[in-house]
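Undergrad: I would like to see how this sequence folds:
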Amino acid sequence: MILNSEKRDKPLGLRDYAGWGLWTAGFLLEAVADYQKTVFKADPDNAGKFISTGLWSISRHPNYLGEILLWAGLYLSSSSVMSGYQHLSVISPIFVYLLLTRVSGIPILERQGMKRYGKDPAYLDYVKNTALLLPGFW
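TA: Okay, the predicted model is just below:
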């Protein structure tokens, strides 16, 4: 809404394309992860099991990673025409990141996972060897 009140018509630049690319990657990551989990849960053979295939084999929360990337990309692309106080809208992707990684989302699901599967050696191995969020970093 901040940008809709402005009358700027700057040419598209690298930041626009990078932001759109990040948004697209985040959207696809979240959609594919959600789809994979839905298919996994729909299979009666998987009742009582945890998902560790597909995107879930490289990140324990790929859907949240997608959500974070989506919001970061949205900010990045729109920031190319921002000025002054408009840059405060960076609060939105930071808020999403903090909410999902520190408040709800990941902390809650990690506790539930340990409570439900914490005695399963395969789950403990999965937790030990699979990135929490971003493969190779965290």
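
Undergrad: Any idea which residue is closest to the centre of this protein?
TA: Centroid-nearest residue in the chain, with Cα atoms, centre = their mean: residue 65, separated by 2.0 Å.

Undergrad: Which strand or helix spans the residue nearest to that residue when sequence neighbours are not counted?
TA: Spatial nearest neighbour of residue 65, chain neighbours left out: residue 133 (5.3 Å); criterion: Cβ to Cβ, 6 or more residues apart in numbering. For glycine as for every other residue, the C-beta is placed from the backbone atoms N, C-alpha and C. Under the criterion DSSP states H and E, no helix or strand holds residue 133.

Undergrad: circling back: got the contact list for the residue nearest to the centre of the chain?
TA: 26, 29, 30, 59, 133, 134 (Cβ atoms under 8 Å, 6 or more residues apart in numbering).

Undergrad: And what about the residue lying closest to residue 87 once chain neighbours are set aside, helix, strand or coil?
TA: Spatial nearest neighbour of residue 87, excluding adjacent residues (Cβ to Cβ, 6+ apart): residue 79 at 6.7 Å. Secondary structure for residue 79, judged by DSSP: H, G, I helix; E, B strand; the rest coil, is helix.

Undergrad: What is the burial count for residue 79?
TA: By other Cβ atoms under 10 Å, 17 other residues sit near residue 79.

Undergrad: Can you give me every residue that contacts it?
TA: 15, 19, 87, 89, 90.

Undergrad: How about the contacts made by the last one?
TA: It stands for residue 90. Here residue 90 is in contact with 75, 79 (criterion: Cβ under 8 Å, 6+ apart).

Undergrad: do the one 3 residues further on as well
TA: Contacts of residue 93 were listed using Cβ under 8 Å, 6+ apart, and they are 68, 71, 72, 74, 75.

Undergrad: Now these in TSV, please, with extra columns for neighbour count, secondary structure and distance to residue 38.
TA: Output for the contacts of residue 93, formatted as TSV (neighbours: other Cβ atoms under 10 Å; DSSP: H, G, I helix; E, B strand; the rest coil; distance: Cβ to Cβ, whole Å):
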residue	neighbour count	secondary structure	distance to residue 38
68	26	helix	20
71	20	helix	22
72	20	helix	25
74	19	helix	25
75	20	helix	28
